[in-house]
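In: Structural data only, the sequence is not supplied:
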């Protein structure tokens, strides 16, 4: 941090994230806590110079009795400043990790609310960054994990069309949605600002905020890490040290990512079914870090996974590959061929998935009838061995048996109607999406992730 005033440092961060051509509209994710309320006031004052219109949004997760009143408080403050606000409601089904489920739901609900708005501000601070780095350090993360949160991140929670919000999902105002583009940017302009100085800023302004009691619940990992970090600070271990480490690791990550893209351009080619072909000798000649990055990127690309597999599992699979054997990991399979490695979707990972025709299968594939209509009762599922056996002429297929098993196919009962990616059956429209965006190839995936 520098000695510049808080408002100037915030404006500098906004300029780096959005300038020089600022958008006409910005979304603000405001929980009602001190950090997000300070961001609201900072952004409000910043707009006086740049003329950007703000749209506030609060997600009421419904996990505490006070949450509705807190969302109402945010709406009142936005109205007092002259900005529209909406409250979005989430209803947890009780399954999975509640914090992870709430995070995913928040991003997805905001995607449904944001309309034409392409940028939404989140109020993560350098204290949050330090906690994230410490949590990842405890898990044995490498360079990418220790780089912490990105200041700007592209996400696409909905692959094809973004569902409208209903009156049960939302109260308040939403931006217009006549030109909705897939996905949006999460921006974090407060990553170099401290939690304490934001609270001080609020206090000076006599601003309102609420303290979430769950921030004291040690059942949550982040709360335990926060308390541990406070003890470290008493011993002279400054929070800024960890956030500075994250910044330096991010610089190293970007350099390693550039090296990965160079290797992908030289050694990799796209294959049908979203598979990746890698020159085997060239792969073996790479340095250890680039080999591992290429492997984990290919696993994510093929399986459509948001996260990379754990380091220990990836390293073990890499050793198997270098020893001449393949293996499965993260919903993908690696086949070792004579001259190449082939990374493909693991058949077992999709064997039970079924989607209606026109729906999204395996969270990646969209199939629908084209010139010749297909029965409305047809479904999409993996080709599998039973589908392979129904293909009478396989002489022209360029995909090996193992690679074809996970192919998206159209079925009517137990009868295979079409497998368009293999050229089987009537004309069928097929498209693939990776993490919510149209698939443009492995190299493009590596450039953007």
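Out: Thanks, I have the structure now. The structure displayed is predicted, hence computed values, not measured ones. Numbering: from 1, shown residues only.
In: Which residue is the nearest non-sequential neighbour of residue 136?
Out: residue 145 (3.9 Å; Cβ to Cβ, 6 or more residues apart in numbering). Heads up, the C-betas are built off the backbone N, CA and C, glycines and all.
In: from memory the one you found sits against residue 245, does it?
Out: No - counting by Cβ atoms under 8 Å, residue 145 sits too far from residue 245 to count as a contact (11.5 Å).
In: picking up where we left off before, how about the contacts made by the residue nearest to residue 136?
Out: Residues near residue 145 by Cβ atoms under 8 Å, 6 or more residues apart in numbering: 136-137, 139.
In: Find me the pLDDT at it, would you?
Out: Looking at residue 145, its pLDDT is 90.
In: A helix includes it, no?
Out: Yes - counting by DSSP: H, G, I helix; E, B strand; the rest coil, one finds residue 145 located in a helix.
In: any idea which of the contacts of residue 145 is closest to residue 389?
Out: Distances from residue 389 to the contacts of residue 145, taken as Cβ to Cβ, are shortest for residue 139 (44.2 Å).
In: which residues sit in contact with residue 146?
Out: 133, 136-137, 245-246, 249.
In: cool, residue 102 as well?
Out: 61, 63, 90, 92.
In: Can I get the residues you listed in CSV including neighbour count?
Out: Below are these laid out as CSV (neighbours: other Cβ atoms under 10 Å):
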residue, neighbour count
61, 22
63, 13
90, 17
92, 13
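In: Could you check how far stretch 187-196 is from the centre of its chain?
Out: From the chain centre to the centre of stretch 187-196 is a distance of 20 Å (Cα atoms, centre = their mean, to the nearest Å).
In: what's in contact with that stretch?
Out: 1, 6, 9-10, 13-14, 17-18, 34-35, 38-39, 119-129, 149-152, 198, 239, 243.
In: buried subset of these?
Out: Buried members of these, counted by 16 or more other Cβ atoms under 10 Å: 6, 9-10, 13-14, 17-18, 34-35, 38-39, 119-129, 149, 151, 198, 239, 243.
In: What pairs with the helix or strand hosting residue 277, parallel or antiparallel?
Out: Taking DSSP states H and E as the definition, one finds residue 277 inside strand 275-279. Strands adjacent to strand 275-279 in the sheet, as given by DSSP bridges, are strand 268-271 (antiparallel), strand 340-345 (antiparallel).
In: now for the helix or strand following it, which elements pack on it?
Out: Using DSSP H and E, the helix or strand that follows strand 275-279 in sequence is helix 280-285. Helix 280-285 sits against helix 239-267, helix 288-303, strand 340-345, with contacts defined as 3 or more Cβ pairs under 8 Å, 6 or more residues apart in numbering; DSSP states H and E.
In: could you redo the last one with a cut-off of 10 Å?
Out: helix 239-267, helix 288-303, helix 311-322, strand 340-345 (3 or more Cβ pairs under 10 Å, 6 or more residues apart in numbering; DSSP states H and E).
In: Tell me which of the ones you listed is the most buried.
Out: Mean neighbours per residue, mean count of other Cβ atoms under 10 Å, is largest over those for strand 340-345, with a mean of 24.
In: who touches the following helix or strand past that one?
Out: Moving toward the C-terminus from strand 340-345, the next helix or strand (DSSP H and E) is helix 347-350. Contact with helix 347-350 is made by 303, 328, 330-333, 361-365, 381-385, 402-408, as judged by Cβ atoms under 10 Å, 6 or more residues apart in numbering.
In: quick one: helix 347-350 to chain centroid distance?
Out: With Cα atoms, centre = their mean, you get 22 Å for helix 347-350.
In: buried ones in that helix?
Out: Quick answer for helix 347-350 (16+ other Cβ under 10 Å): 347, 349-350.
In: So which of the residues you listed is the closest to residue 166?
Out: Nearest to residue 166 among those, with distances taken as Cβ to Cβ, is residue 350, at 31.3 Å.
In: what about that closest one, distance to residue 96?
Out: Relative to residue 96, residue 350 is positioned 20 Å away (criterion: Cβ to Cβ, to the nearest Å).
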